[in-house]
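# For reference, the sequence and a predicted model appear below.
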Amino acid sequence: MEYKFSDKISSLQPSAIREILKATSDPDIIPLAAGNPAPDAFPVKEVQKIAGEILAQEPITALQYGISEGYQPLRDTILAWMKKHENIGRSFDDILIVSGATQVMDLTTKILCNEGDVVICEEPSFIGSLNCFRSYGCKLKGVPVEADGMNVDVLEDVLNSTPNAKFIYTIPNFQNPSGATMSLEKRKKLYALAKKHNVIILEDNPYGDLRVDGEPLPTIKSMDEDGIVIYAGSFSKILSPGLRVAYCIAPQQLLAKMTVGKQAADVHTACLNQMIVDRWFKEYDVDAHIAKIQKIYKKKLDLMCDCIDKELGDFVEYVRPQGGLFIWCKLPDDVDMIEFVKKAVDKNVAVVPGNAFLMNDTDSTQYIRLNFSTPSDEGIVKGIKALGDVARSYER
């Protein structure tokens, strides 16, 4: 039978990252392409204990249907935590528990966009979100990312020339893939521009707690006095990506529609998983756990940067990130980036080609993305050395 797919899905291509990750199932491949938390960052014993207690004490609540808005104790816990840590949450805001932060991108697009509407994105940006926006038939307009975040002068030009833009998507902390952190000045300017042009901001902050250097900056949502910021938060990087528990804090009118959209997608986020997260917050020192994983990632980031400096030298350019999971490396202009990536795979090292993160992934770029959280320390050393061998093969 010949299958005919919808116009919305037929133009989508598999995620380059997901396709590369298939190769990392080979134990011989060093996974510099992934974005998984480090194995020693998981609080395994704590989760085992909590899950056992829940199934012994509240099995029906854990295994039964739940409400779409989320497990109420967890909703209260997160709202209190975010108010304390980020000063997020105004009288007009509410919270929705979702199945992974990407569902926030999906629901935002579902409730705000019609086919052909424009979404303004940082360029480069996270491929999962870009594909989500594309799946709804949105047109993507990219704004270049600089060392201190989105170029807000270009953003202003784009807003002036795009009256039908529905929202601005940004990852202000340790951006994926660039690792850049948006300056406070740019955060304020971004908010002011969105307010002036009556455009929603979708702030995606999965890496905010993974700061290893520098001083924390206020979230854009903490500046929101006008109900124009949708905030996506996640426990994937500080607790477990496999639990698929994340949350959205946004104005109540928007969340009411997002809740309806969620009901049509998956009804509710898994109750057992929500209960695990809630008890983890109540029974353990979450701040101490975050401090622990920050030390893990600082060590791995320092190691990878040292190896890059030693093995690749001036062959690549990069800006050292202050946290997150990724390093964004620029190859020399006369080196074919795709060829370089293929040569790396031949040496059993997987990296992500930078064009995967562009608005149009057929455009050319000299960048590759490296991840330091997933591989072991030995893997980082061996992997970067192999990339150095590839670089030396160009006989510069």
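Perfect, thanks for sending it. Numbering: from 1, shown residues only.

# which stretches of the chain form strands?
30-31, 93-98, 118-123, 139-146, 149-150, 165-170, 200-204, 229-234, 246-251, 326-330, 349-350, 352-353, 367-371 (DSSP state E).

# just those strands: most buried one?
Each of the strands of the chain was scored by mean neighbour count; the highest is strand 149-150, a mean of 28, by mean count of other C-beta atoms under 10 Å. All C-beta atoms are positioned from the backbone trio N, CA, C, and that covers glycine.

# who touches that one?
With C-beta atoms under 8 Å, 6 or more residues apart in numbering as the test, strand 149-150 has contacts from 122, 143-144, 170, 172, 175, 180-183, 186-187, 190.

# cutoff 7 Å now
122, 143, 170, 172, 180, 181, 182, 183, 186, 190 (C-beta atoms under 7 Å, 6 or more residues apart in numbering).

# do you know which of the strands of the chain lies nearest residue 4?
strand 139-146 (23.7 Å; C-beta to C-beta).

# least trustworthy helix or strand in this protein by mean pLDDT?
Every helix and strand of the chain was ranked by mean pLDDT, DSSP states H and E. The lowest is helix 16-23, at a mean of 56.

# now the contacts of strand 149-150 as TSV including pLDDT?
What follows is the contacts of strand 149-150, written out as TSV (pLDDT from 0 to 100):
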residue	pLDDT
122	98
143	98
170	98
172	98
180	98
181	98
182	98
183	98
186	98
190	98
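
# Which members of those are the farthest-apart pair?
143 and 181 (16.0 Å).

# How many neighbouring residues does the closest residue in space to residue 284 that isn't next to it in sequence have?
Once flanking residues are discounted, residue 284 sits nearest to residue 46: 5.7 Å by C-beta to C-beta, 6 or more residues apart in numbering. Per other C-beta atoms under 10 Å, the neighbour tally for residue 46 reads 16.

# Could you verify my assumption that residue 46 touches residue 280?
Yes: using C-beta atoms under 7 Å, residue 46 and residue 280 qualify as a contacting pair, with a distance of 6.4 Å.

# And whichever helix in the chain runs longest, how far out from the chain middle?
When the chain is parsed with DSSP state H, its longest helix is helix 286-311. Computed by C-alpha atoms, centre = their mean, to the nearest Å, the chain-centroid distance of helix 286-311 equals 18 Å.

# Taking their axis directions, it and strand 367-371 sit at what angle?
Per axes from the mean of the first three to the mean of the last three C-alpha atoms, to 10 degrees, the angle that helix 286-311 makes with strand 367-371 is 130 degrees.

# buried stuff in helix 286-311?
286, 289-290, 293-294, 296-298, 300-301, 303-305, 307-308, 311 (16 or more other C-beta atoms under 10 Å).

# That one vs strand 326-330, what angle?
Using the same axes, to 10 degrees: helix 286-311 against strand 326-330 is 20 degrees.

# So which other helices or strands are in contact with helix 286-311?
helix 377-392 (3 or more C-beta pairs under 7 Å, 6 or more residues apart in numbering; DSSP states H and E).

# Now with 10 Å, please.
When contacts are defined as 3 or more C-beta pairs under 10 Å, 6 or more residues apart in numbering; DSSP states H and E, helix 286-311 packs onto helix 72-86, strand 326-330, strand 367-371, helix 377-392.

# Which elements pack onto the longest one?
The reference is to helix 377-392. Checked by 3+ C-beta pairs under 10 Å, 6+ apart, helix 377-392 has strand 30-31, helix 286-311, helix 337-346, strand 349-350, strand 367-371 packed alongside it.

# Select, out of these, the one closest to residue 128.
So among the helices and strands packed on helix 377-392, strand 367-371 is nearest, using C-beta to C-beta, at 13.3 Å.

# What mean pLDDT does that closest one get?
What strand 367-371 shows for mean pLDDT is 97.

# Who are the packing partners of that strand?
Applying 3+ C-beta pairs under 10 Å, 6+ apart, one finds that strand 367-371 contacts helix 286-311, strand 326-330, helix 337-346, strand 352-353, helix 377-392.

# Now mean pLDDT and distance to residue 38 too, for these, in CSV please.
Shown next, in CSV, are the helices and strands packed on strand 367-371 (pLDDT from 0 to 100; distance: least, C-beta to C-beta, whole Å):
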stretch, mean pLDDT, distance to residue 38
helix 286-311, 97, 5
strand 326-330, 98, 14
helix 337-346, 92, 22
strand 352-353, 93, 18
helix 377-392, 96, 10
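
# Pretty sure the residue nearest to residue 284 sits against residue 279.
Yes: using C-beta atoms under 10 Å, residue 46 makes contact with residue 279 at a distance of 9.1 Å.

# Local confidence estimate at residue 15?
In this prediction residue 15 is given a pLDDT of 56.
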